[in-house]
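>>> Return a 3D structure for these sequence lines:
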Amino acid sequence: MLHIKNLHAGYNGLEILKGINLKVGKKEIVALVGPNGAGKSTVIKSIFNLAKITGGYIFFNNKNILGLKTHELLKEGVCYLNQGRTIFGNLTVRENLELGARLIKNKEEVKKRISAIYKKFQILKKRENDFAYTLSGGQQQVLGLGRALITKPKILLLDEPSLGLSPKLQKELFLMIKKIKKDGISILIVEQNAKKAIELADRTYLLEDGKIALEGSGGFILKHKKIKEVYLGGRY
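Residues are numbered from 1 along each chain as shown. Below is the predicted model:
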């Protein structure tokens, strides 16, 4: 579904990614883990045209999406949920969801999609008329997911979705992500909780200094000496 080939990218003349090759298949969760500054978020930002790409290709469903604008990527089925809870606090829950549906012209279709989100995340239905800033951190992250799913994406790009959440809320979030996969949506996730991300994913890429240092399934990655000693503290 998603195929990145020899990607070079960065910001303001600084090269962060140095020839990345990466694939995400249909109905697959792929995790990106690695130390701070390795380029994990830059991979996702490059896909969503938020970084300066100096070389390589990005194909989605065999179409070159390099350089497409945000609304064009959304129409292709690519959706990005960036780091932190980027909701509009001074708008209600429903108004936030309606913003996610702004590219949909048919008002009845918008209502139908919002109803589907309420069915999936019932807490949003209960709080639909409340201002988003009154939600808990976990509820705000659920709202962000709901707003992303309004577009009916084929692939969801998640950048540090568990950031700032308690262990209990992190567990609940990862269960939600598994359910999203069951709906047929592919997921590329950057996550600071390396162990949880590896357990969640079908495949994992380890990034170091802008390059892929390791790739494999969860079982292989978790047992790898480097992962155990450096990222999991040798405890797994």
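>>> Bridge partners for the residue nearest the centre of the chain, pull those for me.
Centroid check for the chain by CA atoms, centre = their mean gives Leu158 as the closest residue, at 1.3 Å. In this entry, Leu158 is beta-bridged to Leu81, Ile189, by DSSP bridges.
>>> Now do the helices in the protein.
For the chain, the helices defined by DSSP state H cover 40-47, 70-76, 93-100, 107-120, 122-126, 137-149, 167-182, 194-200, 218-223, 225-226.
>>> Adding distance to Phe59 as columns, could you present those helices in a markdown table?
Yep, even glycine has a C-beta here, placed from its N, CA and C like the rest. Below are these laid out as a markdown table (distance: least, CB to CB, whole Å):
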| stretch | distance to Phe59 |
| --- | --- |
| helix 40-47 | 11 |
| helix 70-76 | 11 |
| helix 93-100 | 26 |
| helix 107-120 | 28 |
| helix 122-126 | 34 |
| helix 137-149 | 22 |
| helix 167-182 | 21 |
| helix 194-200 | 24 |
| helix 218-223 | 25 |
| helix 225-226 | 30 |
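>>> before we move on, the earlier item: next, find the distance separating the residue nearest to the centre of the chain from Val110.
Per CB to CB, to the nearest Å, Leu158 is found 24 Å from Val110.
>>> now Asn62
Per CB to CB, Asn62 is found 30 Å from Val110.
>>> More neighbours: which of those two?
Neighbour count, other CB atoms under 10 Å: between Asn62 and Val110, Val110 has more, with 17 against 7.
>>> In contact with that one, which residues?
Glu98, Ala101, Ile104 (CB atoms under 8 Å, 6 or more residues apart in numbering).
>>> List just the nearest of those to Ala197.
Ala101 (29.1 Å; CB to CB).
>>> Now for Lys152, how many residues are close by?
Using other CB under 10 Å, Lys152 has 15 other residues around it.
>>> Also the one 5 residues further on?
Other residues lying near Leu157 total 25 when counted by other CB under 10 Å.
>>> on that earlier part again, averaging pLDDT over each of the helices of the chain, report the lowest-scoring one.
Mean pLDDT values for the helices of the chain show the minimum at helix 225-226, a mean of 64.
>>> circling back to that earlier point, pipe the contacts of Val110 into CSV and attach neighbour count and distance to Glu208 per row.
Shown next, in CSV, are those (neighbours: other CB atoms under 10 Å; distance: CB to CB, whole Å):
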residue, neighbour count, distance to Glu208
Glu98, 19, 42
Ala101, 20, 39
Ile104, 16, 41
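>>> Looking at the residues you listed, which is nearest Leu145?
Proximity of those to Leu145 (CB to CB) peaks at Ala101, which lies at 14.3 Å.
>>> check contacts around the closest one.
Counting by CB under 8 Å, 6+ apart, Ala101 makes contact with Val110, Arg113, Ile114, Ile150, Thr151.
>>> Kindly report the same for Lys52.
Ala9, Gly10, Tyr11, Asn12.
>>> who wins for neighbours among these?
Going by other CB under 10 Å, Ala9 tops these with 25 neighbours.
>>> My guess is that residue contacts Leu50. True?
No: in this structure, Ala9 is not within contact of Leu50 by CB atoms under 8 Å, at 9.7 Å.
>>> Compute the first-to-last residue distance for stretch 31-51.
20 Å (CA to CA, to the nearest Å).
>>> tell me which residues of that stretch are tucked away?
31-34, 38-49, 51 (16 or more other CB atoms under 10 Å).
>>> And stretch 88-108, by the same measure?
Under the neighbour-count criterion of 16+ other CB under 10 Å, stretch 88-108 has Thr92, Val93, Arg94, Asn96, Leu97, Glu98, Gly100, Ala101, Ile104 buried.
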